[in-house]
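**Q** how does the following fold in three dimensions:
(chains A and B)
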Amino acid sequence: MRKLIRVDMAKGKVRSDDLVGDYGHLGGRGLTSTIVSREVPPLCHPLGPQNKLAVAAGLLAGTTCANSGRLSIGGKSPLTGGIKESNVGGNAANKLGRLGIAGIVVENQASQGKLFYLLVTKDGAQLLSADAYKGLKNYDLAASLQEKHGGKVGIISIGPAGEMRMSAASVAVTDTNGRPARHAGRGGMGAVMGSKGLKAIVVDDTDASGVTYHSKEAFKEAAAAFRDALREHPVTKPGGGLAVYGTNVLVNLINEAGGFPTRNFTDGRFEGAQKISGETMHDVIKARGGTTTHSGCLTCIIQCSNIYVDKNKNYVTSGFEYETIWANGANCGVDDLDSIAQVDRLCDDYGLDTIETGCAIAVAMHAGVKKFGDAAGAIELLHEIGKGTPLGRILGNGAAVTGQAFGISHVPVVKRQGLPAYDPRAIKGIGVTYATSPMGADHTAGYAVATNILRVGGFVDPLKPEGQVDLSRNLQIATVILDSAGLCVFVAFAILDIAKGLEAIPTMMTARYGWNLSLNDWLEWAKEVLRKERAFNRAAGFTPADDRLPEFFLNEPLPPHKVVFDVPEKELDEVFNF
Amino acid sequence: MQVTVLLGGPLRHEARTAGQEHELSLPRGSLVENVLSALGLSPERVKLILVNGRGATLDTILDAGDRVALFPPELSFNTFVSLSFRREVVEARKRREKT
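**A** Just a heads-up that it's a prediction; the model follows:
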């Protein structure tokens, strides 16, 4: 029986319950969103005692399934004011799974000024004082905790931004090398963790019993089919696109398609794209002796991560990703990969979402705080955030607050969350997802692919409004399954094309738990999760007006295609017609 | 006429002359497939074709000043972009096979 740990920060008490009843079939996003919708008052203040921080491993966590190491972190978001599931890789989810722990719910708040961390081992969980770690950045914190608890523990932590309760604050998770380079960035979940007085969760799976299987043989067979699909597909296979170039390979593709948001979403192509592309990054890393093919997350066989080193071959950052490079590169007019790597490291250290931070800095640049292209200026602004100066606190609360503070209208947010790296005018399907996802502007919420996409008749032109709503709806439903199984969103590329990979997912769930659910049952289950998320948002005050893109996307044509976002509002309201 | 060609990922090493960006002189009325032959690239290695940022096929006719981007199967993976464009390519191939 999987366990749910509940931590009462006010009383300093920890208890462990069997995961039964309505929560029994849940994992990952399905579990965090159900806990939040059931237990958190929708009108509560996100940084107050009534909000909860729900951390959940996916349903396949701890198993031998490839790419099953994703972790969900949920709560009411201080950024959007709605429900949030922020998804992250690293080494913690797998360890929780091996310990038989489905999730951890952090409730109430520690008394003012007190800071704790939670140590989770095979013998249970306990709260320990973290007063000595106050104000520590993520890299120093991870090193201190590893010194105390061993180098192999998984660490879920916040940096100074989370302690300062900034809405762009992330929750860091250590990667397979023990570096806090993987982040649940979106929605300010680091601020929620900070508001609880919780600095870190240390997961030690030494001598864990591991997961039990309803049918080990059946699981092995399905996991092998799933692994083979990932190894066959050109995008996900060893030596494939993601392994060689990382996610940053998208720069040239999206730039060519004219959807690469440049200088705060004023252009769809960046003249400096080549300098920050995946191909250039690959060559730079190779020439300097870094690592281009790296498993950032336990059980990963796609290996999209990397280790970026400076000119003197010293470690700078890892998991240097497309979204980060776009947000702090093209979006700020910066074409210097080394500077962007510095920004990534600082964001990881201060505990900031690289997307929200890049969006906020670009908005500040648009307002004239710094010039577009001023790489050194962007780094100065990041240090302002880390120090918590008044300017830093404005930026650290995201693009919407920054736009408001500087009085400009060109602010790319939905539900107050900054848009990721695809301009919705040129790639309209993702625009529908940005507008309607319960999470706010989020690319991963509708990035994966369900098989029925290929069954959707006709051709979905990214530049035309037709068909985008069906596309986005199917993607959003399918993504809930991946987020709840704890699978990496990139497995979608393989299972779209290779049927045995897709079929393996419900088979693995059945073999693990003995639940007899078909793929269609899981799709229905996913719709139920989305309905709960939407209901929470409605109760928190969201209306159809919140399912819209900012007006400039409708009025300002984007070069080079000179297109606007023209999916009709009536159709946006039909995304959740189930 | 002159066209600019951008090669994604490993194609930059697989072309007859290595390099990510190429300026080619082609006869008027040339097709995308003539770009592939000029660069020594086999059609199997090109899964996603963009001409001036829009989905194209091997038989798309080029104009002077066009910008052609070619991506191999291992890079054709943004679903919102490539799924749509790939479908166009697949359909065009099917049409060609029929005729």
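**Q** when you work out contacts or count neighbours from here on, use the C-alpha atoms and nothing else.
**A** OK.
**Q** neighbours of A:Gly48, how many?
**A** By other Cα atoms under 10 Å in any protein chain shown, 13 other residues sit near A:Gly48.
**Q** same question for the one 3 residues further on.
**A** As a burial measure, the neighbour count of A:Asn51 was computed by other Cα under 10 Å and equals 26.
**Q** ditto for A:Arg269
**A** Counted by other Cα under 10 Å, the residues lying close to A:Arg269 total 25.
**Q** isn't it right up against A:Leu253?
**A** No: the criterion here is Cα atoms under 8 Å, and A:Arg269 misses it with A:Leu253 at 10.6 Å.
**Q** of all the residues in the stretch 301-450 of chain A, which one is nearest chain B?
**A** Proximity of the stretch 301-450 of chain A to chain B (Cα to the nearest Cα) peaks at A:Gly429, 6.4 Å away.
**Q** pLDDT of the helix or strand encompassing that residue, averaged?
**A** Per DSSP states H and E, A:Gly429 falls inside helix A:428-436. Averaged over helix A:428-436, pLDDT sits at 89.
**Q** helices or strands up against it?
**A** The elements that helix A:428-436 packs onto, with contact taken as 3 or more Cα pairs under 8 Å, 6 or more residues apart in numbering or on different chains; DSSP states H and E, are helix A:468-485, helix A:569-572.
**Q** so what's the backbone phi/psi at the spatially closest residue to A:Ile101 that is not a sequence neighbour?
**A** In space, and not counting its chain neighbours, A:Ile101 is closest to A:Lys3: 4.7 Å by Cα to Cα, 6 or more residues apart in numbering or on different chains. Taking degrees, to the nearest 10, you get phi -110, psi 150 for the backbone angles of A:Lys3.
**Q** residues near the nearest residue to the residue of the stretch 301-450 of chain A closest to chain B once chain neighbours are set aside, how many?
**A** With sequence-adjacent residues excluded and distances taken as Cα to Cα, 6+ apart, A:Gly429 is closest to A:Gln468, at 4.6 Å. A:Gln468: 25 surrounding residues under other Cα under 10 Å.
**Q** now A:Val40
**A** 20.
**Q** from A:Pro557, how far off is the residue of the stretch 301-450 of chain A closest to chain B?
**A** Distance of A:Gly429 to A:Pro557, given as Cα to Cα, to the nearest Å: 17 Å.
**Q** these two - which one has more neighbours?
**A** It is A:Gly429, of A:Gly429 and A:Pro557, that has more neighbours when counted by other Cα under 10 Å, with 31 against 18.
**Q** how about the more buried one, what does it touch?
**A** A:462, A:465, A:468-469, A:471-472, B:80 (Cα atoms under 8 Å, 6 or more residues apart in numbering or on different chains).
**Q** sec struct for the residue in the stretch 1-150 of chain A that chain B sits nearest to, please.
**A** When distances are taken as Cα to the nearest Cα, the stretch 1-150 of chain A reaches nearest to chain B at A:Asn67, 17.7 Å away. Each residue gets one of three states, and A:Asn67 gets coil by DSSP: H, G, I helix; E, B strand; the rest coil.
**Q** that one contacts A:Val489, correct?
**A** No: taking contacts as Cα under 8 Å, A:Asn67 lies outside contact range of A:Val489: 9.1 Å.
**Q** report the central residue of chain A.
**A** Geometric centre of chain A, nearest residue: A:Asn87, 3.8 Å, by Cα atoms, centre = their mean.
**Q** am I right that it is in contact with A:Gly69?
**A** No: using Cα under 8 Å, A:Asn87 is not in contact with A:Gly69; the gap is 10.5 Å.
**Q** any low-confidence regions in chain B?
**A** Applying pLDDT under 70 to chain B picks out residues B:77-99.
**Q** show me where it has strands.
**A** Using DSSP state E, the strands of chain B run over B:2-7, B:21-25, B:48-51, B:54-55, B:67-71.
**Q** check which helices and strands the shortest one sits against.
**A** Applying 3+ Cα pairs under 8 Å, 6+ apart, one finds that strand B:54-55 contacts helix B:84-98.
**Q** ditto for the second one
**A** Counting by 3+ Cα pairs under 8 Å, 6+ apart, the packing neighbours recorded for strand B:21-25 are strand B:2-7.
**Q** spell out whether the strand it packs on and chain A are in contact.
**A** No: Strand B:2-7 is not in contact with chain A by Cα under 8 Å from any Cα of the partner chain; minimum separation 8.8 Å.
**Q** adjacent strands (with direction) for that strand?
**A** Strand B:2-7 has these partner strands in its sheet, going by DSSP bridges: strand B:21-25 (antiparallel), strand B:67-71 (parallel).
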